[in-house]
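[1] Provided below are the primary sequence and the corresponding predicted coordinates.
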Amino acid sequence: MSHRDEVIALFSGAGGLSLGFCQAGLKPVIAVDIDADACQTYQTNLDIEAFHGDLSKENTQFNQILARVREPLAIIGGPPCQGFSSAGLKDRKDDRNRLIFYYLSIVEKTRPQWFLFENVEGLLTSNGGQSVTDLVRELVNIGYRVRLEKINLAAYGLPQGRKRVMIVGNRIGIDFAFPVKTHSYNAGKHKSYSSLPWAPTVDDALSGLGQTTSNQEGMSTYAAKTPIHDYDALMRRGNPSEAVSLHFSSVSAAWRKVFSMLQPGQTMKDLPEEYWHHSYKKRAFRRVMDGTPTERRGGAPSGIKRLFGDLNALTITSAAPREFIHPHEDRPLTLREAARLQSFPDHYRFAGSVLSIARQIGNAFPPLFAEIFANHLIMLEGAAGSDTRTVPEYLDGSLIGYHLTDAEGMSPALARTDTLLASIMYHQSTMPLEHLFVQESL
């Protein structure tokens, strides 16, 4: 394998992004993650040893591994989002925010032809838009032609409304666009209507799975010998048996009664207060009484919510197998159902406890879009002829475009980010990398 084919997966997690690249013929040669269970999951399914380590700290062993690769085809991955997620605290001094700049330093050291940085939409407004602006500026400064897009992965056929920020760049000197959208979608609050076919619904995604078992070790047989739907066929690909793991559920009669009261789209607030569980009561009360401005509350917590079978799913998080109720059955989603909504095939095996597996699935990048993007990258590489020419040592980088929202208007926070990014388009910063790491604002 030449360096033109090598891929490095940082913050590799359970391997969703890497799986999509593997399916496109681009198998990573290096992977690293802080989660030991995720590393085991990665190695089990992709037959690639994932280095278990914390990238927020200096690690001589990993640096030695990384030193073996120079000018690979691509670096892929995004750091954990908890430090700057819209669901968490936007702390300017949170060390987790610095991981995005560690990613940058690895890009500078290894000089990949391409990089793919993905993260939550909260990155766009973190630290007043400064985090993402600094990252883009420095990627430009080290010679990359960069494009930033916020996309909803349902627009590419994922059966789930899932918004992600993607920053992609190359140092082969070409301008490029993201893959063309292929689907309309409706995930309730987030929707996009067009002449394109509809992304698979929750019912489409879960069809074909048989009856649940009552324990984690049990295997469930498919509902039919042949796939019921195109998405069911996709999920069965590579699974020669007629059984799947992690399709289990154990719900008490009392909770089944509670779940039976919910219609699709209804949440815990639609139940009599006597059925609210303690943590929901505490959160709901705090949201009302703590004096937090309405625009900063993020809405009342759902606690539990029954999904619509005929719509795309809400965003799958680590809490989905506890909080999302099946559209037609009085139980939460199983781990396998959550994995399917994330586009993990049925043969994919996850290591660890139930909570660990739920976290791995919820934090993953969907393999379905990862494969689409990997094939798009291969197409761009071929069109540029980069495998047959020498890349100059230094290239002029630029921000070639960005897209922050499909909505007609912007929030004040997003408008600030738009202003900061627009300034890069017209006036490239010359702030040195060394200064970036010591800014107090980070």
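    Sure thing, it's come through. Residues are numbered from 1 along each chain as shown.

[2] show me what contacts residue 335?
    Going by Cβ atoms under 8 Å, 6 or more residues apart in numbering, residue 335 touches 246, 247, 248, 321, 350, 354, 357, 358, 361. To be clear about C-beta, it is placed using only N, CA and C from the backbone, and glycine gets the same treatment.

[3] excluding chain neighbours, give the residue nearest to it in space.
    residue 246 (4.0 Å; Cβ to Cβ, 6 or more residues apart in numbering).

[4] isn't the one you found right next to residue 336, touching?
    Yes - the criterion here is Cβ atoms under 8 Å, and residue 246 meets it with residue 336 at 4.3 Å.

[5] how far off centre is stretch 132-149?
    Put simply, stretch 132-149 sits 20 Å off its chain's centre (Cα atoms, centre = their mean, to the nearest Å).

[6] any idea how far apart the tips of that stretch sit?
    12 Å (Cα to Cα, to the nearest Å).

[7] same question for stretch 158-166.
    16 Å.

[8] any idea of the mean pLDDT in that stretch?
    In this model, stretch 158-166 has an average pLDDT of 97.

[9] what's the neighbour count on the nearest residue to residue 277 once chain neighbours are set aside?
    Of all residues not flanking residue 277 in the chain, residue 303 sits nearest, at 6.8 Å (Cβ to Cβ, 6+ apart). Neighbours of residue 303 under the rule other Cβ atoms under 10 Å: 19.

[10] residue 312 versus residue 303, what's the distance?
    For residue 303, the distance to residue 312 equals 21 Å [Cβ to Cβ, to the nearest Å].

[11] what's the answer for residue 18, then?
    In terms of Cβ to Cβ, residue 18 sits 25 Å off from residue 312.

[12] and these two? which has more neighbours close in?
    Neighbour tally, residue 18 and residue 312, criterion other Cβ under 10 Å: the higher count belongs to residue 312, 31 against 28.

[13] the more buried one contacts residue 159, correct?
    Yes - using Cβ under 8 Å, residue 312 is in contact with residue 159, at 5.6 Å.

[14] intersection of neighbour lists for the two?
    Joint contacts of residue 312 and residue 159 (Cβ under 8 Å, 6+ apart) are 199, 200, 201, 202.

[15] which of those fall in helices?
    Within those, residues falling in helices by DSSP state H are residue 202.

[16] out of the shared contacts of residue 312 and residue 159, who's nearest residue 120?
    Taking Cβ to Cβ as the measure, residue 120 lies nearest residue 199 of the shared contacts of residue 312 and residue 159, at 20.2 Å.

[17] re earlier: only the buried members of the contacts of residue 335: can you turn that into a ChimeraX selection?
    Those of the contacts of residue 335 that meet the burial criterion (16 or more other Cβ atoms under 10 Å) are gathered into one ChimeraX selection, given here:
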select :246,247,248,321,350,357,358,361
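
[18] make JSON lines out of the contacts of residue 335 and add distance to residue 31.
    Putting the contacts of residue 335 into JSON lines (distance: Cβ to Cβ, whole Å) gives the following:
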{"residue": "246", "distance to residue 31": "22"}
{"residue": "247", "distance to residue 31": "27"}
{"residue": "248", "distance to residue 31": "29"}
{"residue": "321", "distance to residue 31": "25"}
{"residue": "350", "distance to residue 31": "16"}
{"residue": "354", "distance to residue 31": "24"}
{"residue": "357", "distance to residue 31": "19"}
{"residue": "358", "distance to residue 31": "21"}
{"residue": "361", "distance to residue 31": "18"}
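
[19] just the closest of the contacts of residue 335 to residue 44, please.
    residue 350 (8.5 Å).

[20] mind checking the SS state of the closest one?
    coil (DSSP: H, G, I helix; E, B strand; the rest coil).

[21] please name the spatially closest residue to it (chain neighbours excluded).
    residue 357 (4.3 Å).

[22] could you list the low-confidence segments of this protein?
    1-4, 81-97, 281, 283-302, 385-394, 428-442 (pLDDT under 70).

[23] what segments of it are strands?
    7-10, 30-33, 50-52, 74-76, 114-119, 145-152, 163-170, 185-186, 191-192, 220-221, 243-244, 305-306, 324-325, 398-403 (DSSP state E).

[24] distance between the fourth one and the chain's centre?
    For strand 74-76, the distance between its averaged C-alpha position and the chain's averaged C-alpha position is 15 Å (Cα atoms, centre = their mean).

[25] now do the helices in the stretch 51-200 of the chain.
    Applying DSSP state H, counting those that start in this stretch to the stretch 51-200 of the chain gives helices spanning 60-66, 99-110, 130-141.

[26] now distance to residue 168 and mean neighbour count too, for those, in a markdown table please.
    Output for these, formatted as a markdown table (distance: least, Cβ to Cβ, whole Å; neighbours: other Cβ atoms under 10 Å):
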| stretch | distance to residue 168 | mean neighbour count |
| --- | --- | --- |
| helix 60-66 | 21 | 13 |
| helix 99-110 | 12 | 19 |
| helix 130-141 | 10 | 22 |
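
[27] so for residue 256, which of those helices sits nearest?
    The nearest among the helices of the stretch 51-200 of the chain, by Cβ to Cβ, is helix 99-110 at 42.0 Å.

[28] could you give the angle of that closest one to strand 163-170?
    Here helix 99-110 runs at an angle of 20 degrees relative to strand 163-170 (axes from the mean of the first three to the mean of the last three Cα atoms, to 10 degrees).

[29] any chance of the helices of the stretch 51-200 of the chain in TSV, plus distance to residue 23?
    Shown next, in TSV, are the helices of the stretch 51-200 of the chain (distance: least, Cβ to Cβ, whole Å):
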stretch	distance to residue 23
helix 60-66	24
helix 99-110	24
helix 130-141	27
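
[30] any idea which of those helices gets closest to residue 254?
    Using Cβ to Cβ, those put helix 99-110 closest to residue 254, at 42.6 Å.

[31] other SSEs contacting that closest one?
    Here helix 99-110 touches strand 7-10, helix 60-66, strand 74-76, strand 114-119, helix 130-141, helix 433-436, going by 3 or more Cβ pairs under 8 Å, 6 or more residues apart in numbering; DSSP states H and E.

[32] report the buried residues of the third one.
    So the one you mean is strand 74-76. Neighbour-count burial for strand 74-76 [16+ other Cβ under 10 Å]: 74, 75, 76.

[33] same deal with the fourth one?
    Taking 16+ other Cβ under 10 Å as the basis for neighbour counts, the residues of strand 114-119 that come out buried are 114, 115, 116, 117, 118, 119.

[34] tell me which residues touch the last one, please.
    Put plainly, it is residue 119. Neighbours of residue 119 in contact, by Cβ under 8 Å, 6+ apart: 78, 79, 81, 100, 164, 165.
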